[in-house]
Each structure stands twice: as C-alpha cells, then as structure tokens.
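1. The following comprises the amino acid sequence and a computationally predicted model.
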Amino acid sequence: MSRIGRKPIVIPQGVEVKLDGNHVTVKGPKGTLDSTVHPMMSIEMKDGQIEVTRPNDGKEARSLHGLSRTLVANMVTGVSEGFKKELEIQGIGYRAQKQGNDLVMNLGFSHQVVMTEKYGVTVEVPEPTKIIVNGIDKQKVGQFAAEIREKRPPEPYKGKGIRYVGEYVIRKEGKAGKA
C-alpha cells in the first residue's frame with residue numbers, strides 16, 4: 001500500500017471541498033482551485049476528511065495513488081496557507097526591484113532582465129538581493145521561481161547568480177597558478 005496515498009487529507013476550517021466524480025474543487029480564504037484526478041482513482045469525503053482510494057494493486061494504480069492524494073492535498077494547502085519560494089541574488093551589482101507587475105533584475109548583462117508576474121503568482125522584493133514568489137498553486141509558484149533562477153543560475157567558481165534560499169552550490173577550484 002502507498003503510505004502517502006493511504007493518509008487522509010484533513011480539511012482545515014474555512015476550506016470548502018466539492019467533489020463531482022473525479023473533479024475536485026477547493027475553495028478557501030486565499031482563492032479557488034480545481035482539478036480533475038485520474039479516472040482510475042476514487043475520491044470520497046468522510047467526516048471532514050478526503051480519502052483517495054485505488055481499485056487494485058496494479059503498477060499503474062499504485063503509481064497514481066500517492067500522486068493523486070498529493071495533488072489534492074496541495075490544493076487544500078494552497079487555498080488555506082498558500083505556497084512561497086524564496087530566491088537570493090549573489091554577485092556584485094546584481095539586484096532586483098519591483099516596478100508595477102514587473103520584476104526588473106540587473107544580472108551583469110548589458111541590459112536589464114524584465115519578467116512580468118503570471119496569473120496566480122505574486123512577486124515581492126523585500127530587499128534588492130531577495131525575491132519571494134507567492135501563490136496558491138504549488139506548480140505555478142515553483143515554475144515561476146525556476147524561470148527566475150534560469151535567467152542567471154549560480155556558477156560554480158564564484159557562486160554568482162540567482163539561487164534558492166538554502167541551496168548549496170558546489171564550488172570548483174580555479175586554474176592552478178604557475179610555479
């Protein structure tokens with residue numbers, strides 16, 4: 001049995017879940033998310049909890065069991081608490097600022113890098129070297145944070161670039177000097 005798939009999803013106060021076959025709609029204080037779970041999985045509400053069950057122990061059913069449960073749990077967490085990814089910028093002259101709905105970054109190029117917020121994702125810049133991506137959809141938040149990081153990933157020699165907070169960058173030794 002899938003350990004993750006077996007766990008029931010507890011519905012927090014203020015969150016409303018509507019099941020229509022395999023279509024799940026979750027409404028909470030931060031917004032509304034809806035998704036369709038794989039038709040092989042069955043979803044039931046039992047005394048304030050959501051349970052995802054599988055029909056048999058076939059390979060495909062086992063693979064989808066934990067995934068389906070996690071997707072629904074992420075929707076419940078997203079509308080109640082939201083998701084957040086933090087990025088930090090390292091490097092002399094590298095900085096970011098917010099202009100309206102745009103994130104404007106100076107990353108050592110001859111031009112500024114401008115990224116516009118996507119629907120369902122908000123960006124905060126509390127200080128010039130820190131970027132916080134917020135939203136209720138975990139996939140959109142992670143994808144947008146990855147797209148920001150992609151503009152200047154950390155390089156292995158000096159560690160300059162955009163990285164997630166707490167990310168460890170493996171450093172390389174430079175050229176050996178002549179003796």
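-> Perfect, thanks for sending it.
2. and the most centrally placed residue in the chain, what does it touch?
-> Residue closest to the average C-alpha location in the chain (Cα atoms, centre = their mean): G142, at 3.0 Å. By Cβ atoms under 8 Å, 6 or more residues apart in numbering, the residues touching G142 are 83, 85. Any C-beta I mention is one placed from the backbone N, CA and C, and that applies to glycine too.
3. List the backbone torsions phi and psi for it.
-> phi -60, psi -40 (degrees, to the nearest 10).
4. distance of it from V121?
-> 10 Å (Cβ to Cβ, to the nearest Å).
5. can you check R6 too?
-> Using Cβ to Cβ, R6 is found at 32 Å from V121.
6. With neighbour numbers in mind, choose between the two.
-> When neighbours are counted by other Cβ atoms under 10 Å, R6 and V121 differ, and V121 comes out ahead with 19 against 14.
7. ok, and the closest non-adjacent residue to the more buried one?
-> G135 (4.4 Å; Cβ to Cβ, 6 or more residues apart in numbering).
8. That neighbour contacts V79, correct?
-> No - with contact defined as Cβ atoms under 8 Å, G135 does not count as touching V79 (10.9 Å).
9. The two: which has the busier surroundings?
-> Remark: of G135 and V79, G135 carries more neighbours, 26 against 23, as counted by other Cβ under 10 Å.
10. Next, give phi and psi for that one.
-> phi 180, psi 180.
11. show me the contacts for it.
-> By Cβ under 8 Å, 6+ apart, the contact set of G135 is 78, 82-83, 120-122, 141, 144.
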